[in-house]
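1. give me the fold of what follows.
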Amino acid sequence: MPRLLLFLLLAVCAAAQTPAAAEPPRTWIDKDTGHRVVRLTDEPDSASLYFNQNGFTADGKKLIYTTPEGISALDLAARTAKPVVKGRVRVIVTGRKSQKVYYTKDGAVFSTDVDSGETREIAKLPPRGSVTTVNADETLLAGTYIEGQGTDYNPNRPAQPQQLDQPRNKGEMMEQRLAARLPMALFLIDTRTGSTRVLHRATDWLNHLEFSPADPSLLMFCHEGPWHKVDRIWTIRTDGTQLTKIHTRTMAMEIFGHEFWSPDGKVIWYDLQTPRGEDFWLAGFEVQTGRRTWYHLQRNEWSIHFNVTRDGKLFCGDGGDPGQVAKAPDGQWIYLFRAELLQNRGIDDKSFVQPGVFRAEKLVNMAKHQYRLEPNVSFTPDEKWVVFRSNIFGPTYTFAVEVAKAAPGQQ
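-> Next up is the predicted model:
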């Protein structure tokens with residue numbers, strides 16, 4: 001028998017005898033926190049959405065998640081799932097008014113009703129364009145594209161498959177993209193007619209677009225790049241007016257970002273560090289009043305992403321490993337935070353920042369999680385669970401941890 005054929009036969013036999021990876025447990029009590037954790041998805045490499053993307057249907061009953069085969073929907077009560085969209089797609093967001101999920105595919109933007117399956121092509125995308133958000137009444141989509149013939153550094157361009165892990169060269173890429181100063185257009189698509197119009201032009205790197213969940217005419221976006229080099233957080237009206245910078249740096253190396261809306265659209269929350277990697281806050285800006293509230297965190301409690309319940313009473317965070325900006329020695333946890341404002345015994349000046357602290361509770365031990373995959377926490381609509389993605393068992397799955405502690409003796 002030829003040596004190559006013998007080698008191939010032995011390799012096939014060895015592969016046949018290798019046991020398949022064990023399926024992760026469906027549910028367990030975290031021995032370090034006392035909270036129940038459940039695995040929501042069955043498909044390896046399935047994942048919940050990015051932390052600022054609404055992943056729940058308007059009726060609050062289903063969770064949208066991605067799989068290698070497309071988009072699926074999980075019935076939160078029955079814990080049963082069904083495919084909604086098949087093929088190589090990029091999820092934009094789930095609508096807040098209808099049961100539709102919005103996504104891009106083959107150079108166009110589509111919507112599909114999660115319940116009926118009805119699908120509609122809304123519009124073709126501009127060359128090298130990407131769309132990342134839909135407004136509160138689902139009449140407008142917003143996205144960006146690079147004008148002219150400049151090199152495309154956009155990591156969200158629709159030709160790419162849904163990427164879960166952060167690239168190892170992300171820092172280098174962000175430096176290069178910022179320095180390129182490529183001309184960009186921030187544009188809108190009318191979901192009813194498919195017509196497009198440019199809302200804003202800049203040579204800043206425009207990214208992280210997110211419409212207010214309550215005000216259909218208010219769009220938040222960022223100047224992307226290394227956070228210590230950009231004035232990141234901005235809002236603009238859909239008629240092009242009221243371009244507003246949300247936070248102004250007051251010290252060297254102060255950074256702020258990973259901004260997100262409160263579910264009622266009243267507050268923009270964001271990670272604030274004064275300075276970078278030393279002192280940690282979750283900062284809030286009330287869009288109507290300009291009032292600012294900063295909640296302080298300990299180094300180990302800093303998280304890559306945060307989120308907040310619909311009633312605004314609880315916050316959550318996804319922690320971080322020692323390689324993140326906080327360099328936390330013990331930060332690999334899913335956290336629950338209870339916000340506590342400090343009593344003001346001094347001058348009552350409405351222009352002052354209102355300081356507070358987060359009282360942290362650990363929900364899930366993430367010591368086995370590889371943080372190149374960001375967990376991206378969010379609360380379920382009933383505010384009883386925190387949803388996150390994780391690779392603690394190897395492949396990525398979506399999990400949820402119960403906010404309330406498990407009863408003594410519960411398994």
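2. and the helices in the stretch 101-250 of the chain?
-> Per DSSP state H, counting those that start in this stretch, the stretch 101-250 of the chain carries helices over the ranges 170-180.
3. so where's it uncertain?
-> Residues of the stretch 101-250 of the chain meeting the criterion pLDDT under 70: 149-163, 166-168.
4. what about 50?
-> 153-161 (pLDDT under 50).
5. excluding its backbone neighbours, what's nearest residue 260?
-> Nearest non-adjacent residue to residue 260, counting by CB to CB, 6 or more residues apart in numbering: residue 52, 4.3 Å away. Bear in mind the C-beta positions are built from the backbone N, C-alpha and C, glycine included.
6. measure the one you found to residue 197 for me?
-> 24 Å (CB to CB, to the nearest Å).
7. check residue 28 too.
-> With CB to CB as the criterion, residue 28 and residue 197 are 51 Å apart.
8. and residue 293, what's its pLDDT?
-> Looking at residue 293, its pLDDT reads 97.
9. do residue 94 as well
-> pLDDT, residue 94: 97.
10. count of residues packed around residue 224?
-> 22 (other CB atoms under 10 Å).
11. from what I see, it and residue 178 are in contact.
-> Yes. Using CB atoms under 8 Å, residue 224 is in contact with residue 178, at 7.4 Å.
12. now the strands for the stretch 201-350 of the chain?
-> 206-211, 218-223, 233-237, 244-245, 255-261, 267-273, 280-286, 292-297, 306-308, 314-317, 333-341 (DSSP state E, counting those that start in this stretch).
13. relative to residue 384, which of the ones you listed is closest?
-> Closest of the strands of the stretch 201-350 of the chain to residue 384 is strand 314-317, at 10.4 Å (criterion: CB to CB).
14. alpha carbons of that closest one, as PDB, please.
-> Listed next in PDB are the C-alpha coordinates belonging to strand 314-317 (Å, rounded to 0.1, in the frame of the first residue of the first chain):
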ATOM      1  CA  LEU A 314     -30.300  48.300  37.500                       C
ATOM      2  CA  PHE A 315     -27.100  48.200  35.300                       C
ATOM      3  CA  CYS A 316     -25.000  45.300  34.100                       C
ATOM      4  CA  GLY A 317     -21.500  44.900  32.800                       C
END
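15. now do that strand, average pLDDT.
-> 98.
16. which other residues reach that strand?
-> 282, 295, 297, 301-309, 334-339, 358, 363, 377-379, 383, 386, 403 (CB atoms under 8 Å, 6 or more residues apart in numbering).
17. and that strand, how far from the chain's centre?
-> 14 Å (CA atoms, centre = their mean, to the nearest Å).
18. residue 273 against residue 283, yeah?
-> No. With contacts counted by CB under 8 Å, residue 273 stays clear of residue 283, the gap being 9.8 Å.
19. picking up where we left off before, now render the strands of the stretch 201-350 of the chain as a markdown table, adding mean neighbour count and distance to residue 23.
-> Converted to a markdown table, the strands of the stretch 201-350 of the chain look like this (neighbours: other CB atoms under 10 Å; distance: least, CB to CB, whole Å):
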| stretch | mean neighbour count | distance to residue 23 |
| --- | --- | --- |
| strand 206-211 | 23 | 35 |
| strand 218-223 | 23 | 39 |
| strand 233-237 | 19 | 42 |
| strand 244-245 | 12 | 49 |
| strand 255-261 | 22 | 33 |
| strand 267-273 | 22 | 35 |
| strand 280-286 | 21 | 36 |
| strand 292-297 | 20 | 36 |
| strand 306-308 | 24 | 28 |
| strand 314-317 | 24 | 27 |
| strand 333-341 | 20 | 22 |
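20. for these, give me CSV that also has distance to residue 372.
-> CSV is the format used below for the strands of the stretch 201-350 of the chain (distance: least, CB to CB, whole Å):
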stretch, distance to residue 372
strand 206-211, 20
strand 218-223, 22
strand 233-237, 25
strand 244-245, 32
strand 255-261, 16
strand 267-273, 19
strand 280-286, 21
strand 292-297, 22
strand 306-308, 19
strand 314-317, 18
strand 333-341, 17
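21. follow-up on the earlier one: just give me the neighbour total for the residue nearest to residue 260.
-> Residues near residue 52, counting by other CB under 10 Å: 21.
22. that one and residue 208: what is the separation?
-> 8 Å.
23. so what sits against both of the two?
-> In contact with both residue 52 and residue 208: residue 259, using CB under 8 Å, 6+ apart.
24. before we move on, back to that, show me the one of the strands of the stretch 201-350 of the chain that comes nearest residue 33.
-> strand 333-341 (7.9 Å).
25. and that closest one, what does it pack against?
-> Secondary-structure packing of strand 333-341 (3 or more CB pairs under 8 Å, 6 or more residues apart in numbering; DSSP states H and E): strand 292-297, strand 314-317, strand 354-365, strand 385-390.
26. try 6 Å this time
-> strand 314-317, strand 354-365 (3 or more CB pairs under 6 Å, 6 or more residues apart in numbering; DSSP states H and E).
27. what residues does the helix or strand following the longest one touch?
-> Think strand 354-365. Once strand 354-365 ends, the next helix or strand along the chain (criterion: DSSP states H and E) is strand 378-379. Contacts with strand 378-379, where a contact means CB atoms under 6 Å, 6 or more residues apart in numbering, come from 307, 309, 386-387.
28. same thing but 10 Å
-> With CB atoms under 10 Å, 6 or more residues apart in numbering as the test, strand 378-379 has contacts from 48-56, 63, 260, 263, 305, 307-311, 314-316, 318, 336, 385-388, 400, 403.
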